[in-house]
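> Quick one, structure for this:
(one chain, ligands or ions: 1)
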Amino acid sequence: MPHSLFISDLHLSAAHPRSAEMFLDFASKLAPQAEALYILGDLFEYWAGDDDLTDPFHQTICATLHALDVRNTAIIIMHGNRDFLMDEQLAAACHATLLPDPTLLDLYGTPTLLTHGDALCTDDAAYQQFRNTVRSADWREQFLAQPLAQRKAQIEQLRAQSEAQKRSKQMSLMDVNVDAVNDLLRQHRYPRLIHGHTHRPATHLHHVDGRTCKRFVLGDWDEGKASILRCDAQGCAVLNFK
Ligand code: MN
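Model prediction:
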C-alpha cells in the first residue's frame, strides 16, 4: 500500500557510529518501500553550514538519501533545533526538499500538520529566546561569515552548555506545552499532528473546540533504537525496526 515514513532526532554524527549504522540499515530495508521519507528535524547532531558537506560522514548520509530519491522515495527534510542551518546546497546534495516548519499537508486524505516540536516547548522561555535569536537573518549571516572550524567549535561549546542546563531543568520544561499544541491545532483547523524533538514517543489525543486531534510524537534514535511512524490511507502506526 502507498505509504510514507516519518522519522526525527537521529542526531547522526561520526562520533556515534551505531545510530548511523541503524540509519543505513533502515535506508536499505524499510525506506525504499515508502513513497516518501519525512525527516522532521535533527537528522544531524548539528549542522554548522552547508560547506560542511565535504565531511566524509556527511557525504555518506547524503549519498544514502540521494540513492533513495533515485529509487523513488521522495526525501523531505524539516529543520530541527540542531540542524536549522541546513540549506539549499545540502538539499541539492541529498536530493531532498526542505520543508518549512510547520507544514500542513493532505496525507492520504487526512489533513496532517508536521513540525519539529521545539517551538511548542513554550514553558522553556530561555530556550525560546535563544531560538528567536539564532533563527534571525542577522545572526545567521554573522555566524555563517565565520570559518567552518570556528563555527564548529562554537556549536560544540553551546551544546556542552545546553547539556549541562538540561540536567538542571525540570523535565516538564522540556515537553510541549498543551496550550501551545491546542493553539496550533486550532490555527490549522484541527489536523492530525506529527512531531519529534521531545524524545517522548507516544500517541496523544487533544480535544480542541469539541474536535479530537491525534498527536503522534516520534522518538529519538539514540542508544540503538529507531523510532519510525508509517502512515497510509488507513492511518499512522509505529513501526518496529531493529
Ligand atoms: Mn530537537
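> Can you point out the buried residues in the host helix or strand of residue 156?
If you go by DSSP states H and E, residue 156 is part of helix 148-168. By neighbour count on 16 or more other CB atoms under 10 Å, the buried set for helix 148-168 is 151, 152, 155. Just so you know, the C-beta spots here come from the backbone N, C-alpha and C atoms, and that holds for glycine as well.
> and what of stretch 41-61?
For stretch 41-61, by 16+ other CB under 10 Å, it's 41-50, 52-53, 55, 58, 61.
> Determine which two of those are furthest apart.
Comparing all pairs in the buried residues of stretch 41-61 by CB to CB, the longest separation belongs to 41 and 55, at 19.7 Å.
> in the sheet, who's paired with the residue nearest to residue 186 when sequence neighbours are not counted?
Excluding the flanking residues, the one nearest residue 186 by CB to CB, 6 or more residues apart in numbering is residue 208, at 5.7 Å. Beta bridges link residue 208 to residue 211 when assigned by DSSP bridges.
> Tell me if I'm right that residue 208 and residue 185 touch.
Yes - at 5.0 Å, residue 208 counts as touching residue 185 under the criterion of CB atoms under 8 Å.
> Compare those two and say which is more crowded by neighbours.
residue 185 (21 against 14; other CB atoms under 10 Å).
> SS state for the more buried one?
helix (DSSP: H, G, I helix; E, B strand; the rest coil).
> Need the pLDDT of the closest residue to residue 8 other than its chain neighbours.
Once flanking residues are discounted, residue 8 sits nearest to residue 196: 2.9 Å by CB to CB, 6+ apart. For residue 196, the model assigns a pLDDT of 98.
> In the protein, which residue sits closest to the ion?
Going by CB to the ion, the ion is nearest to residue 197 of the chain, at 3.8 Å.
> Could I get the contacting residues of the most centrally placed residue in the chain?
The C-alpha lying nearest the average C-alpha coordinate of the chain belongs to residue 41 (CA atoms, centre = their mean; 1.6 Å). Applying CB atoms under 8 Å, 6 or more residues apart in numbering to residue 41 gives the contacts 8-9, 78-83, 101, 116-118, 196-197.
> got it, and residue 14?
20, 55, 56, 57.
> What about the residues you listed, which are in helices?
Taking DSSP state H as the definition of helices, the contacts of residue 14 contribute 20, 56, 57.
> Any chance of a markdown table for those residues, columns distance to the ion and pLDDT?
Output for those, formatted as a markdown table (distance: CB to the ion, whole Å; pLDDT from 0 to 100):
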| residue | distance to the ion | pLDDT |
| --- | --- | --- |
| 20 | 18 | 95 |
| 56 | 25 | 97 |
| 57 | 20 | 98 |
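> between those, which is nearest residue 32?
residue 20 (18.0 Å).
> measure that closest one to residue 104 for me?
32 Å (CB to CB, to the nearest Å).
> can you pull the contacts of the residue nearest to residue 186?
182, 185, 186, 190.
> The first one: neighbouring residues, count only.
For residue 182, the tally of surrounding residues (other CB under 10 Å) stands at 16.
> The residue lying closest to residue 40 once chain neighbours are set aside: neighbour count?
Closest residue in space to residue 40, ignoring its immediate chain neighbours: residue 8 at 3.9 Å, by CB to CB, 6+ apart. Residue 8 has 29 neighbouring residues, counting by other CB under 10 Å.
> which of residue 20 and residue 104 has more neighbours?
Set residue 20 next to residue 104 and count neighbours by other CB under 10 Å: residue 20 wins out with 20 against 15.
> For the more buried one, which non-adjacent residue is spatially closest?
Nearest non-adjacent residue to residue 20, counting by CB to CB, 6+ apart: residue 12, 5.4 Å away.
> Contact partners for that neighbour?
19, 20, 23, 43, 44, 45, 57, 61.
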